[in-house]
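>>> What shape does this take:
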Amino acid sequence: MKPQRERVSNQKPPEPSTKLLSRHNPEELLREAQPLELALARRAYELFEARGGEHGHDWEDWFRAQSELLRPVSVTMAESEDRLSVRANVLGFEAKELKVSIEPRRITILGEKEPKVITEAGKTQPIATYPDQILHVIGLATDVTAENAVVEWQEGVLQFELPKAAKPQVEAAASAA
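Model (predicted):
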C-alpha cells in the first residue's frame, strides 16, 4: 500500500484583522476614567484599613489595588528622527472595547470588556473575566502631533504611529547665534 501524500495548499492564511481606532478628547477620556480611579483609591484604602491603618505602605496598597482591578498592559517604543512608534499589548480586548487619547507627551488607554453572557436553561448569567478593565497612561519623551497620529488595533495589540512635533524655530535661531 502506498503512503498517501498530504495535499499542500497554495492558499495563504487569512490576513489578521486590523481596525483603525478613533481618538477621544483627553479631557473627556479622563472624566470617563474617574469612576475607575475612585475604585482604585477605594480598594487601596481598604487594604490600608485591613492592615490596621499602618502607614508607610501606600505605594504597595496602590499597586496591589491596580493588580486586582486592572489588566496589565506591556508597552514597547521605537523612535526615529521624525516618528515615535508605540505598541501596547491589550490582549483579550477588542477594538470596540478600547478608547485612546493622544496628547503632546502622553497616551491614555481606557478599556472595559463587554461582559460575556451564558444562557443555561433559560437563565442568562454574566461570566466574570477579572480584571476586565484597562487604564494605562504612557508618558512620551518627546512631543508628538496628535492630529496626524494613526492608531490601529490588530489581534490584541494597539499600534500608535505618532509624528514628532516640529521643534520651535526659536531653538534653532538661538543655537545659530
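>>> Helices along this structure, start to end?
Applying DSSP state H to the chain gives helices spanning 26-50, 58-69, 169-176.
>>> so what does the longest one touch, helix or strand wise?
Okay, so that is helix 26-50. helix 58-69, strand 98-103, strand 106-112, strand 133-139 (3 or more CB pairs under 8 Å, 6 or more residues apart in numbering; DSSP states H and E). To be clear about C-beta, it is placed using only N, CA and C from the backbone, and glycine gets the same treatment.
>>> Looking at the ones you listed, which is nearest to residue 145?
Residue 145 lies closest to strand 98-103 among the helices and strands packed on helix 26-50, at 8.9 Å (CB to CB).
>>> hey, C-alpha coordinates of that closest one in PDB?
Below are the C-alpha coordinates for strand 98-103, written out as PDB (Å, rounded to 0.1, in the frame of the first residue of the first chain):
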ATOM      1  CA  LEU A  98     -11.000  50.500  23.900                       C
ATOM      2  CA  LYS A  99     -10.700  54.200  23.900                       C
ATOM      3  CA  VAL A 100      -7.500  56.200  23.400                       C
ATOM      4  CA  SER A 101      -6.400  59.800  23.600                       C
ATOM      5  CA  ILE A 102      -3.200  61.300  22.500                       C
ATOM      6  CA  GLU A 103      -1.600  64.500  23.900                       C
END
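>>> Poorly predicted segments of this protein, please.
Within the chain, the segments meeting pLDDT under 70 span 1-16, 116-118, 121-130, 169-177.
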